[in-house]
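Q: predicted model and sequence follow; I will ask about them next.
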Amino acid sequence: MRIISLHASIVTLAVTLAAWPAQSGSIITPGLEWEDTNGSPINAHGGGVMYHDGVYYWYGEYKGDFTYRSPGVGWDCYRTEAGGVSCYSSRDLCNWTFEGIVLEPDTVDTHSDIHPTMVIERPKVVYNDRTHQFVMWMHIDNHNYGKATAGVAVSDTPTGKFRFIEAMRPNGQICRDLTVFKDDDDQAYLIYSSEDNATLHIARLSDDYLKPTAHYTRNFPNGFREAPAMFKRQGKYYLVTSGCTGWDPNEADLAVADQVMGPYTPMGNPCRGVDADKTFYGQSTFVIAVEGTDQYVMMLDRWNKRDLIASRYIWLPFEWSDGKPSIPWRDVWAPNTACRAAR
């Protein structure tokens, strides 16, 4: 049955691609290698996208080309040396220009939290309208993921260089997979897996976005959810998460709330199509609100744990029916207005 489905998918993809103009970069093909405007594979894993002054900025983990397993660690702790955080820019969500490594690893101080021997994961950037700074939050860890902290860095421009400030445990709690959400009132929140990944915390950030405040909530206690991605639509807050199965895929979950800090009501798996029960072999990292439209894009990483730089990106649009969201698989698609206008 899987072979038949795969064959049908390939035929559908070929027919669909033939219907589009022969112009590279005008469409999104989830799961395939994605090149930047220089023809190099995009290297921005576990990332997030910020929109600022007409430009989308994609920040992600810059993976080295050597993947290894941390010695003496019981689980599948595959990793590369921390290469810092990369940045790409685009005006249409399809064609991305490499802006460089905007947060560079500290190769001099072996005790630095961003030394190459450390872990820098899931960077997210938001702009603070009060301080006029771009603030980056990321998961900072050591070789066995025992450090479990959140790191913060700042820059005066979206393309860096970002200055690393510190790594900490928010409110003294463990922090691993994380994201940042900026609400309509400019208040920002840190969402992160805590309590040994058993419970998801949502902490309000300080006015300058540089520290978590003591105001936080515990969500999905003992639910073991990670890879959070939050977005807001028509006054409701949506939160996509994955289960905790290391690098291996599992079923996504979507939850909804009337308040950003919860409580959240689970809505089940939003994915639809072949391999929906494995989130299309991807894991959530961020949701893009397409500027000027009612379209939301789910960003997923399809991890290749033995060759992490070769991990692929799955971007899919949400669909809405009677106010309920879903994420159907599409072999090929274009974001509303932006890419089509670029053709």
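A: Done, it's in.
Q: check which element follows the helix or strand bottoming out on mean pLDDT in the chain along the chain.
A: Sorting the helices and strands of the chain by mean pLDDT, DSSP states H and E puts helix 2-18 at the bottom, at a mean of 39. Next along the chain after helix 2-18, taking DSSP states H and E as the criterion, comes strand 45-52.
Q: I'd like to know which elements that following strand is packed against.
A: strand 55-63, strand 119-128, strand 283-289, strand 296-302 (3 or more Cβ pairs under 8 Å, 6 or more residues apart in numbering; DSSP states H and E). Every C-beta, even on glycine, is put in place using the N, C-alpha and C of the backbone.
Q: rerun at 6 Å
A: Under the contact criterion of 3 or more Cβ pairs under 6 Å, 6 or more residues apart in numbering; DSSP states H and E, strand 45-52 touches strand 55-63, strand 119-128, strand 283-289.
Q: and those strands: which comes nearest N43?
A: strand 55-63 (5.4 Å; Cβ to Cβ).
Q: the closest one pairs with which strands, and in what direction?
A: Each strand paired with strand 55-63, and its direction, by DSSP bridges: strand 45-52 (antiparallel), strand 82-90 (antiparallel).
Q: can you list the neighbours in contact with the last one?
A: By Cβ atoms under 6 Å, 6 or more residues apart in numbering, the residues outside strand 82-90 that reach it are 43-44, 55-60, 62, 64, 96-99, 101-105, 116, 118, 120, 123, 159.
Q: repeat that with 8 Å
A: Strand 82-90 has contacts (Cβ atoms under 8 Å, 6 or more residues apart in numbering) with 36, 42-44, 55-64, 96-105, 114-120, 123, 136, 138, 158-160, 162.
Q: got the CA positions of that strand in CSV?
A: The C-alpha coordinates for strand 82-90 follow below in CSV (Å, rounded to 0.1, in the frame of the first residue of the first chain):
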residue,chain,number,x,y,z
ALA,A,82,27.5,24.3,17.1
GLY,A,83,27.9,26.5,14.0
GLY,A,84,25.9,29.4,15.3
VAL,A,85,22.7,30.9,13.8
SER,A,86,22.2,31.6,10.1
CYS,A,87,19.9,34.2,8.6
TYR,A,88,18.2,34.3,5.2
SER,A,89,16.0,37.1,3.8
SER,A,90,13.1,37.0,1.4
